[in-house]
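In: Build the 3D model from these lines:
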Amino acid sequence: MSGAANLVATDMERVAAEIRDGQRFLLTTHEGPDGDALGSLLAMHHLLGQLGKDSVMFLAAKEFPLPIEYRFLPLEEVFHEPPADMTDRAVVFLDCGNIERMPIDFLRDDGTRVINIDHHHDNTRFGDANLVDTDASSTAEIVYELTRHMGVEITPEMASALYVGLVTDTGRFMYENTDANTHRIAAALIDAGVDVNDTYRRLYENVPLEKLRLVARALEAIERPCKGLVVTSITEADYKATGSGEEMTEGIIDFLRSLEGAKVAAVVRELGSRGRAAHKVSLRSSGDGVDVSAIARIHGGGGHVRAAGFSTDLDKDAIVKFLCAELAGQSD
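Out: Sure, this is the predicted structure:
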């Protein structure tokens with residue numbers, strides 16, 4: 001076993017011990033949660049429930065409605081405010097590279113016990129106990145391994161939640177973070193009760209007409225302002241004209257990323273009164289030596305080498321100028 005693998009195994013046991021010794025937990029993830037964040041959140045909630053622990057899930061009210069793709073997930077029990085007994089609970093952050101990605105004050109109170117479970121390469125190890133495996137395809141994969149380590153049965157509900165995390169963070173098993181172990185875990189989850197066809201249809205089909213109209217406007221607005229960069233913007237006017245909302249923007253960036261010659265794809269979304277900043281920027285790279293997480297971190301964001309994002313008060317032109325300069329710098 002390599003040194004890195006030994007470290008993960010040690011961290012796995014430490015987090016398992018924290019869970020065994022604790023009684024009350026609050027689970028959360030990063031703002032703007034994706035499939036891996038939500039699937040890991042749900043699966044961890046079930047894991048704690050099977051161990052007889054008191055577990056609650058927290059997401060800020062502004063995160064709802066969730067993207068269309070994830071509304072089938074059973075998240076009705078999610079808290080939007082801190083529970084009355086918050087001081088008695090340890091906080092488990094899932095799929096969150098740094099604590100700033102969940103900007104909620106009560107989660108950072110002094111004295112709060114923090115457990116950090118994640119797979120981002122730029123994770124800041126902000127927890128009192130950290131289980132960070134950068135070789136894992138997803139945080140769902142780590143929760144799966146933790147479940148097995150603790151001898152907990154993977155129920156069909158847990159398997160379905162973990163499968164959502166696995167399939168979305170690997171781009172339907174097409175991204176370079178997919179390996180043989182990813183497929184072995186997927187097979188185990190299917191054996192545990194995942195309906196693959198139903199999950200696929202819920203994630204990627206049954207698209208509302210309003211979303212297709214928004215996609216059409218986003219594709220019409222594509223620009224190539226500098227070599228290697230493909231950008232589109234989505235404005236408040238686009239949402240109004242199409243009868244859609246920000247929750248329908250999931251997946252648009254993949255169209256840009258697939259364009260010939262695209263090293264970096266960017267979707268610039270206008271937040272209006274919904275956000276703390278003027279724009280939210282999603283980034284994807286095609287590989288080619290460009291680390292979009294490094295670009296995102298300049299503006300307080302983060303993510304993966306090939307998928308990241310940030311929020312900013314810059315206007316669209318300034319964002320594009322910034323991205324062109326950073327892409328040129330990484331390409332030198």
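In: does Asp11 sit in a helix, a strand or a coil?
Out: Secondary structure state of Asp11, per DSSP: H, G, I helix; E, B strand; the rest coil, is helix.
In: Next, count neighbours for the nearest residue to it once chain neighbours are set aside.
Out: Nearest residue to Asp11, sequence neighbours excluded (CB to CB, 6 or more residues apart in numbering): Leu131, at 4.7 Å. In this view, the C-beta of every residue, glycine as well, is placed from N, C-alpha and C. Leu131 has 27 neighbouring residues, counting by other CB atoms under 10 Å.
In: Same check on Ser244?
Out: What Ser244 shows, counting by other CB under 10 Å, is a neighbour count of 22.
In: Kindly confirm my reading that it forms part of a strand.
Out: No - going by three-state DSSP, the assignment for Ser244 is coil, not a strand.
In: so Leu229 sits right up against Leu323, yeah?
Out: Yes - between Leu229 and Leu323 there is a contact under CB atoms under 8 Å: 5.8 Å.
In: so Val281 sits in a strand?
Out: Yes - assessed with three-state DSSP, Val281 lies in a strand.
In: Quick check: beta-bridge partners of it?
Out: Beta-bridge pairing for Val281 (DSSP bridges): Val268, Phe310.
In: quick one, what contacts it?
Out: By CB atoms under 8 Å, 6 or more residues apart in numbering, the contact list for Val281 reads Ala266, Val267, Val268, Arg269, Ala296, His299, Gly301, Gly309, Phe310, Ser311, Thr312, Ile319.
In: Out of these, the closest to Arg113 would be?
Out: Gly301 (26.5 Å; CB to CB).
In: Just give the nearest non-adjacent residue to that closest one, would you?
Out: Phe310 (2.6 Å).
In: ok, back up a step: tell me the SS of the residue nearest to Asp11?
Out: Following three-state DSSP, we place Leu131 in the strand state.
In: Check whether it really touches Glu13, as I assumed.
Out: No - judged on CB under 8 Å, Leu131 makes no contact with Glu13 at a distance of 9.5 Å.
In: ok, back up a step: isn't the residue nearest to Gly301 right next to Val292, touching?
Out: No - Phe310 is beyond contact range of Val292, at 9.7 Å (criterion: CB under 8 Å).
In: Show me which of these two is the more surrounded one.
Out: Ranked by neighbour count (other CB under 10 Å), Phe310 and Val292 place Val292 first, with 30 against 23.
In: what's the burial count for Glu223?
Out: Using other CB under 10 Å, Glu223 has 13 other residues around it.
In: That one bridge partners, please.
Out: Assessed by DSSP bridges, Glu223 has beta-bridge partners Val231.
In: which residues of the stretch 1-150 of the chain score low on pLDDT?
Out: Within the stretch 1-150 of the chain, the stretches with pLDDT under 70 are 1-4.
In: tally of neighbours for Asn130?
Out: Asn130 has 18 nearby residues by other CB under 10 Å.
In: Do I have it right that it meets Val8?
Out: No - taking contacts as CB under 8 Å, Asn130 lies outside contact range of Val8: 10.3 Å.
In: Without its sequence neighbours, what residue ends up closest to Val196?
Out: Of all residues not flanking Val196 in the chain, Ile190 sits nearest, at 6.2 Å (CB to CB, 6+ apart).
In: quick one, helices of the stretch 201-332 of the chain?
Out: 209-220, 236-242, 252-257, 292-297, 316-331 (DSSP state H, counting those that start in this stretch).
In: surely His120 meets Gly302?
Out: Yes - between His120 and Gly302 there is a contact under CB under 8 Å: 6.8 Å.
In: anything in contact with each of the two?
Out: Gly97, Ser293.
In: Could you tell me which residues make contact with Ala84?
Out: With CB under 8 Å, 6+ apart as the criterion, no residue contacts Ala84.
In: can you count the residues close to Arg125?
Out: So Arg125, with other CB under 10 Å, has 11 neighbours.
In: same check, this time on the one 4 residues further on
Out: Residues contacting Ala129 under the criterion other CB under 10 Å number 19.
In: what sits against the closest residue to Cys226 other than its chain neighbours?
Out: Among residues not flanking Cys226 along the chain, Cys324 sits closest, at 3.9 Å (CB to CB, 6+ apart). For Cys324, the contact set (CB under 8 Å, 6+ apart) comprises Pro225, Cys226, Leu229.
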